[in-house]
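Chemist: Test case, fold it:
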Amino acid sequence: MACVFDIHSEHAMFRKPYTTTSSVSYPFPPPTAVAGIICAILGISNKSNEKIVSAAYWEKMAGTRIAIKINKPVKWETQTVNFINTKKDKIGHVQIKHHFIKKPSYRIYVCGELEESLCRMLEKQQTIYTPYLGVAYALAQINYLGQYQQTPVTTTAIDSVVPISDITETIEPDMTKNNSLNKTEMPFEFTTERTLKKIIDVMYNTTATPIYFINLLEDIHQINNDTVLFFPLW
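Modeler: You can find the predicted model right below:
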């Protein structure tokens, strides 16, 4: 079974860590951001009130895995955000360019240890903490779709983002069918001390269309008419 929900907002911004003076975003939430969304819904604390670098919720993510689908073609918007310096010894502000995703929508699939409790919360249309897409001023709306069976299928097309670590070297994308195929590296997991533990390479289409492959792919799951490849277990 898998718990499935859509999440959307007016804007989103998942900042790439190597950007400094201009904040550039990933086109969809990295697995680390999805973990934060799940924990916000369930009210799993990061215990940062006890230690500022704490990310204690990662202890609860063990045994859970996710998949991510881009529901709408990715559209970008650049805005300048005005930040005010609140330190006593420095007065003033700085303007930083932000690379926002405009009107994003994503489908999240969750299975494992947190699946049942997540479905119960979403059925009641409740969240403990406020979910957002990357930054606190990108408040998110969640539409619960349901809890669905996972049916193993063999296919040449995947609707979700594809973690490359689960694809063998003999399987190649069909470049005659993919409209806007991209590859990127993104954070997959943090430690409870908020340091990077693991990164992962992924493929995705910015046109929100399936990713087509030349060879047949096995161990793919069909969930509510979507063909999905899950990220590895946390």
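Chemist: Please count neighbours and contacts with C-alpha atoms only from this point.
Modeler: Will do.
Chemist: so what does the longest strand seen in the chain touch, helix or strand wise?
Modeler: The longest strand of the chain (DSSP state E) is strand 211-223. Packing contacts for strand 211-223, counted by 3 or more CA pairs under 8 Å, 6 or more residues apart in numbering; DSSP states H and E, involve strand 151-158, strand 226-228.
Chemist: Deepest-packed of those strands, please.
Modeler: Of those, the one with the most neighbours on average (mean count of other CA atoms under 10 Å) is strand 226-228, at a mean of 21.
Chemist: What strands line up against that strand, and which way round?
Modeler: Each strand paired with strand 226-228, and its direction, by DSSP bridges: strand 211-223 (antiparallel).
Chemist: which residues are in contact with the longest strand of the chain?
Modeler: Where contact means CA atoms under 8 Å, 6 or more residues apart in numbering, the residues beyond strand 211-223 that reach it are 2, 148-160, 171-175, 177-178, 181, 204-205, 227-229.
Chemist: hang on, the earlier thing: which one of the helices and strands packed on strand 211-223 has the lowest average pLDDT?
Modeler: Lowest mean pLDDT of the helices and strands packed on strand 211-223: strand 151-158, a mean of 92.
Chemist: so the longest strand of the chain versus strand 151-158, what angle?
Modeler: If you take axes from the mean of the first three to the mean of the last three CA atoms, to 10 degrees, strand 211-223 sits at 160 degrees to strand 151-158.
Chemist: Tell me where the model's unsure across this protein.
Modeler: 19-22, 49-50, 87-91, 166-170 (pLDDT under 70).
Chemist: show me where it has helices.
Modeler: Secondary structure of the chain (DSSP state H): helices located at 31-42, 115-123.
Chemist: Of those helices, which is nearest residue 107?
Modeler: Evaluated over the helices of the chain, closeness to residue 107 peaks at helix 31-42, with 10.6 Å, by CA to CA.
Chemist: The closest one to helix 115-123, inter-axis angle?
Modeler: Using the same axes, to 10 degrees, the direction of helix 31-42 lies 60 degrees away from that of helix 115-123.
Chemist: Any buried residues in helix 31-42, and which?
Modeler: Residues of helix 31-42 classed as buried by neighbour count (16 or more other CA atoms under 10 Å): 31-42.
Chemist: Output these in JSON lines; the columns should cover distance to residue 218.
Modeler: Output for these, formatted as JSON lines (distance: CA to CA, whole Å):
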{"residue": "31", "distance to residue 218": "22"}
{"residue": "32", "distance to residue 218": "26"}
{"residue": "33", "distance to residue 218": "28"}
{"residue": "34", "distance to residue 218": "25"}
{"residue": "35", "distance to residue 218": "26"}
{"residue": "36", "distance to residue 218": "30"}
{"residue": "37", "distance to residue 218": "29"}
{"residue": "38", "distance to residue 218": "28"}
{"residue": "39", "distance to residue 218": "31"}
{"residue": "40", "distance to residue 218": "33"}
{"residue": "41", "distance to residue 218": "32"}
{"residue": "42", "distance to residue 218": "33"}
